[in-house]
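Student: here is a sequence with its predicted model. Questions after.
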Amino acid sequence: MNQPARVRDIPRSVLSVRDLLNEATIALTARPARTIMTALGTVLGVAALVATLGLAKTAGSQIVSRFDELEATQVTVKPPRDRGNSRNRTVNVIPWDSGDRLERLNGVVAAGTKSDVDVNGALARSVPVVDPLGQTEFQIPVIAVSPGLFDAVRAQMATGRTFDEGHDKRGDAVAILGPGAARRLNVTRVDNSPAIFIGEEPLAVIGILHDVARQSDLLNAIIVPNGYAAERMGLIAPSEVHIEVDVGAAELIGTQAAIALAPNQPDQLRVSLPPSPAGVRSSVENDVNALFLILGGVSLLVGAIGIANVTLVSVMERTGEIGLRRALGASRRHIATQFLFESAALGALAGLLGTSLGILTVVAVSVTRDWSPVLDSWLPLAAPILGAVIGLLAGTYPAWKASATEPIAALRSGA
Amino acid sequence: MSLVPPAIDLPPPLSETTPAVVDLVNVTRSFPGTPPVEALKSANLRIDKGDYVAIVGPSGSGKSTLLHLLGLLDYPTSGTYYLDGIDTGSLSEPERAGVRSVGIGFVFQSFHLLNHRSTLENVMLAEVYRPGDSSKRKERATAALVQVGLGHRIEAFPTTLSGGEKQRVAVARALVGEPSLLLADEPTGNLDSVTSAQILDMFDDLHRLGITLAVITHDDDVSERAERRIYIRDGVLTEEGEEVGESQTDSIWAAEES
């Protein structure tokens, strides 16, 4: 029967992966409350990291998408600031036909000039109404524009129409009112061709703005065609050009606009570009990340110490079990493997739980802020692995301690 | 493999070619100190297959040292220990672990059951580190529990068992997989006399089944049941009586004459 375990036919003890998993499962589920408390630090650490990275990404994406909508498509051209040196005074070289010139460029959606007109304090009024108590004359800013500007600022009309090339060329005495100006002048409709006066000059109101996406000073202004302002109000040259470009075309148009407007002296023009989206995103992410990543790192460290601590205590408590296992044939390596695997599994579980908590946090914050949550796809995978690595590192010393336990002493200590 | 070999009536002549289960040759174990303590002095002991040996001595006599040496939990300082004919001194630590897992079943005074596992799982633990087929592990563990009379308590947890039942579980764990040697260290030390008697009856049964038993004890009630009594005092082994009698074994003992 038991006869010949013949010489050199030496059995080697083993520990199959299945048994390893089984042993770890039993060990971790035997005292669930303690397991959870052990893992808590790592759970919080991983949750903090995931939430930090997720929120930074989410917030960064929100800012970028807002810029995409408006600012990233806006390019402005102005003459350089007057340095007050009269001898070397810069000449405004913005041409009247800026809009036409720019709209020929690929990537420009709309372009137009906009100039504040100096009316020398002339007051604006509508057709005289006998109202002894009400004020009838107002100081209202007058702005001269080329027809393309309305598209370039995404103007929406409340009623009536915008200028066309004809109004501009002929210098027609027509005006479009911003909603603020219309209210003050008491103009509510244009189908009866109401007239307003700036000083003694009459103008026919052909439209009233509802809103603009940019250049909100238009909303409180009387807007006249360039041609009229040049002819009757002494406007010498347009003071700025607003360009609406395709998404992503801002950089390109930035380099071309000045040349298109002033081929002889492009350096006389100042082109404002939107901030680069990539730059915005990374700067926001960096701000948020640095602080919270440190915070997450600290909680992870605390978590690792927690796992190491409790595992060490559990090694001491389980001395009897270690001795028994050695007696049953476990080698030192089996014992070490087992404790390492337990703490790594604990770390991985903590990582998984922490990742879920972190993602939940990102989603919850996004919901309250009305953001769409954005998460790097590698994050939910990497975080549990990070947890496992932390568990592994934390378990190294306790596992070594366990494997160094002498079975004789261990068995003496009782079960 | 059957748990019931016809071992009792085996004739002895095989002993020339069949290695003894345990063969200690001039084994000494000393512990460093000033002066060094010789816990076991040039001990010679042969235990053959099917023997039932009691190792008796007061505390501090070197009993535990002998047990640890026999169980491959400790190394002799000098001398040779053959287990199943294998020179254990030549084994590496992983090989010793392998021999422990296959060849030796331990029963401890304090049972050493894991409280968070059922009796069945406790018995199955014996085969976790054992090489070979693990598919029938549950069946073998169940059979071992049935053999010790606990077939009805396989789902129970140790905390709900009496001391005698716990020790039966421990015996079942030691028996599963049929080790060459069953080593019991004060198996009744934590039990009352009635329960002790039950455990000893069980050992008698195991002996009748041909299992090789070495029981370490200081209790005469325990040693009386054994076929052979080895006394140990101050690290020196002496076997009781010259006559080996009707024992089927061919024991060799050569302790220092005193």
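Tutor: Yes, it's here.
Student: next, the spatially most central residue of chain B: secondary structure please.
Tutor: Residue closest to the mean C-alpha point of chain B, counted by Cα atoms, centre = their mean, is residue B:183 at 1.3 Å. With DSSP: H, G, I helix; E, B strand; the rest coil as the basis, residue B:183 sits in strand.
Student: what pairs with it across the strands?
Tutor: When bridges are called by DSSP bridges, residue B:183 pairs up with residue B:106, residue B:214.
Student: hang on, it packs against residue B:214?
Tutor: Yes: counting by Cβ atoms under 8 Å, residue B:183 touches residue B:214, with 5.4 Å between them. (Glycine included, C-beta is placed from N, CA and C.)
Student: so how far is stretch A:247-264 off the chain centroid?
Tutor: Relative to its chain's centre, stretch A:247-264 lies at 27 Å (Cα atoms, centre = their mean, to the nearest Å).
Student: got it, and stretch B:135-154?
Tutor: Relative to its chain's centre, stretch B:135-154 lies at 20 Å (Cα atoms, centre = their mean).
Student: pLDDT averaged over it - what is it?
Tutor: Averaging pLDDT along stretch B:135-154 gives 92.
Student: which residues do residue B:183 and residue B:214 both contact?
Tutor: Shared contacts of residue B:183 and residue B:214 (Cβ atoms under 8 Å, 6 or more residues apart in numbering or on different chains): residue B:70.
Student: can you list the domain ranges for chain A.
Tutor: A:17-66+A:279-412, A:80-268 (automatic domain parsing).
Student: pull up the distance across the last one, start to finish.
Tutor: Taking Cα to Cα, to the nearest Å as the measure, domain A:80-268 stretches 6 Å from start to finish.
Student: so how far is it off the chain centroid?
Tutor: Relative to the mean C-alpha coordinate of its chain, domain A:80-268 is positioned 33 Å out (Cα atoms, centre = their mean).
Student: got the contact list for the residue in chain B that chain A sits nearest to?
Tutor: As assessed by Cβ to the nearest Cβ, chain A sits closest to residue B:101 within chain B, at 2.2 Å. By Cβ under 8 Å, 6+ apart, the contact list for residue B:101 reads A:11, A:13, A:328-330, B:129-131.
Student: pretty sure it is in a strand, no?
Tutor: No: counting by three-state DSSP, one finds residue B:101 to be helix, located in no strand.
Student: the residue sitting furthest away from the middle of chain B: what secondary structure?
Tutor: Using Cα atoms, centre = their mean, the residue of chain B lying farthest from its centre is residue B:34. It sits 32.4 Å away. Per three-state DSSP, the local secondary structure of residue B:34 is coil.
Student: and the gap between the closest residue in space to residue A:186 that isn't next to it in sequence and residue A:223?
Tutor: Spatial nearest neighbour of residue A:186, chain neighbours left out: residue A:126 (5.7 Å); criterion: Cβ to Cβ, 6 or more residues apart in numbering or on different chains. According to Cβ to Cβ, to the nearest Å, residue A:126 and residue A:223 sit 16 Å apart.
Student: which one of the two is surrounded by more residues?
Tutor: Neighbours per residue (other Cβ atoms under 10 Å in any protein chain shown) separate residue A:126 from residue A:223, with residue A:223 holding more: 26 against 19.
Student: now the more buried one: closest residue in space that isn't a chain neighbour?
Tutor: Distance criterion Cβ to Cβ, 6+ apart; nearest residue to residue A:223, sequence neighbours excluded, is residue A:176 at 4.4 Å.
Student: using PDB, list the CA coordinates for the helix or strand in which the one you found is found.
Tutor: Take DSSP states H and E as the rule and residue A:176 turns out to sit in strand A:174-177. Coordinates of each C-alpha in strand A:174-177 appear next as PDB, following Å, rounded to 0.1, in the frame of the first residue of the first chain:
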ATOM      1  CA  VAL A 174     -31.400 104.400 -42.600                       C
ATOM      2  CA  ALA A 175     -30.800 103.000 -39.100                       C
ATOM      3  CA  ILE A 176     -31.100  99.800 -37.200                       C
ATOM      4  CA  LEU A 177     -31.800 100.100 -33.500                       C
END
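Student: which helices and strands does that strand pack with?
Tutor: strand A:201-211, strand A:222-225 (3 or more Cβ pairs under 8 Å, 6 or more residues apart in numbering or on different chains; DSSP states H and E).
Student: give me that answer again for 10 Å
Tutor: Applying 3 or more Cβ pairs under 10 Å, 6 or more residues apart in numbering or on different chains; DSSP states H and E, one finds that strand A:174-177 contacts strand A:124-126, strand A:142-145, strand A:156-160, helix A:165-170, helix A:179-185, strand A:195-198, strand A:201-211, strand A:222-225.
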